[in-house]
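> I need the structure of the sequence given here:
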Amino acid sequence: MKQSEQEVLSRNRQRELVGTRQLFHFFAKKFIGSGLQIIGSYTQQNHATVINSIKTVSDLYETSLQYQTLVNNLSGHIQATFTEKN
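Sure thing, here's the model as predicted:
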């Protein structure tokens, strides 16, 4: 399912959108290292939600090979994008 930026940044709690926001929080912390409140401000979430998102992604990464593959693929794509721009 393709999701628009507006949908992802909305307060909508559909599972697919929540999962996308969780991945955003995880990668923002991993690659940018911003503070939790700053990361949350992009998605209209508080720091506690960002902490929970990072923990959820980390837990799923540890327990699901399919999710691990998804995260690794996205991570590689993000790293390649940053490398191209620098």
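> Can you give the distance of stretch 75-86 from its chain's centre?
For stretch 75-86, the separation from the chain centroid amounts to 16 Å (computed by C-alpha atoms, centre = their mean, to the nearest Å).
> shaky segments in the chain?
The model of the chain has pLDDT under 70 over residues 1, 85-86.
> so where do the helices sit in this protein?
Per DSSP state H, the chain carries helices over the ranges 5-8, 15-27, 36-42, 47-63, 65-85.
> Can you redo those as CSV, where the extra columns are mean neighbour count?
C-beta coordinates here come from the backbone N, C-alpha and C atoms, glycine included. Listed next are the helices of the chain as CSV, based on neighbours: other C-beta atoms under 10 Å:
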stretch, mean neighbour count
helix 5-8, 12
helix 15-27, 18
helix 36-42, 17
helix 47-63, 16
helix 65-85, 11
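> who's in contact with the nearest residue to residue 20 once chain neighbours are set aside?
Distance criterion C-beta to C-beta, 6 or more residues apart in numbering; nearest residue to residue 20, sequence neighbours excluded, is residue 8 at 5.1 Å. Contact analysis of residue 8 by C-beta atoms under 8 Å, 6 or more residues apart in numbering lists 17, 20-21, 24, 43.
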